[in-house]
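K.L.:
Pasting the sequence and the predicted model now:
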Amino acid sequence: MNVSYKGYFIQRGNLTLALEIKSSRRLTEHDFSGLKAFGEEDIAMKRVLVCPWAVDHVRGDGIHVLCMETFLEELWTGDLMKPESR
């Protein structure tokens, strides 16, 4: 993998979460490059990008984009670490 990744990994049981937190008001494709690279590898993990101004959605490449409020709520309730249904 040739992409520099500046984020966090959280592991719980068999689930690995790759997490990046951005403060930019405008997200570009470059902001997703690290998380996208993990999707191209044969690595089973949930990928999440948190941005305070984001609208919650899952991108076509499977990356979850969450606003800070949703991220903190899902972290608190444990939903963030639940496996994705496939």
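P.N.:
Yep, it's here.
K.L.:
CA only for contacts and neighbour counts going forward, please
P.N.:
Noted.
K.L.:
and Ala37, how far is that from His30?
P.N.:
Distance from Ala37 to His30, counting by Cα to Cα, to the nearest Å: 11 Å.
K.L.:
ditto for Glu41
P.N.:
Glu41 is 18 Å from His30, by Cα to Cα.
K.L.:
cool, and Pro83?
P.N.:
Distance from Pro83 to His30, by Cα to Cα: 26 Å.
K.L.:
what's the neighbour count on Phe9?
P.N.:
For Phe9, the count of nearby residues is 12 (other Cα atoms under 10 Å).
K.L.:
Would you tell me what helix or strand it is located in?
P.N.:
When secondary structure is defined by DSSP states H and E, Phe9 falls within strand 8-12.
K.L.:
coming back round to it: so for Ala37 and His30, which residue has more residues nearby?
P.N.:
Ala37 (16 against 8).
K.L.:
part of a helix, is the more buried one?
P.N.:
Yes. Counting by DSSP: H, G, I helix; E, B strand; the rest coil, Ala37 falls inside a helix.
K.L.:
For the residue nearest to Lys22 when sequence neighbours are not counted, list the residues it contacts.
P.N.:
Nearest non-adjacent residue to Lys22, counting by Cα to Cα, 6 or more residues apart in numbering: Cys51, 5.1 Å away. Cys51 makes contacts with Ile21, Lys22, Ser23, Ser24, Arg25, Val65, Leu66, Cys67, Met68, as judged by Cα atoms under 8 Å, 6 or more residues apart in numbering.
K.L.:
Looking at those residues, spot the one nearest Tyr8.
P.N.:
Ile21 (8.8 Å; Cα to Cα).
K.L.:
Report the beta-bridge partners for that closest one.
P.N.:
Val50 (DSSP bridges).
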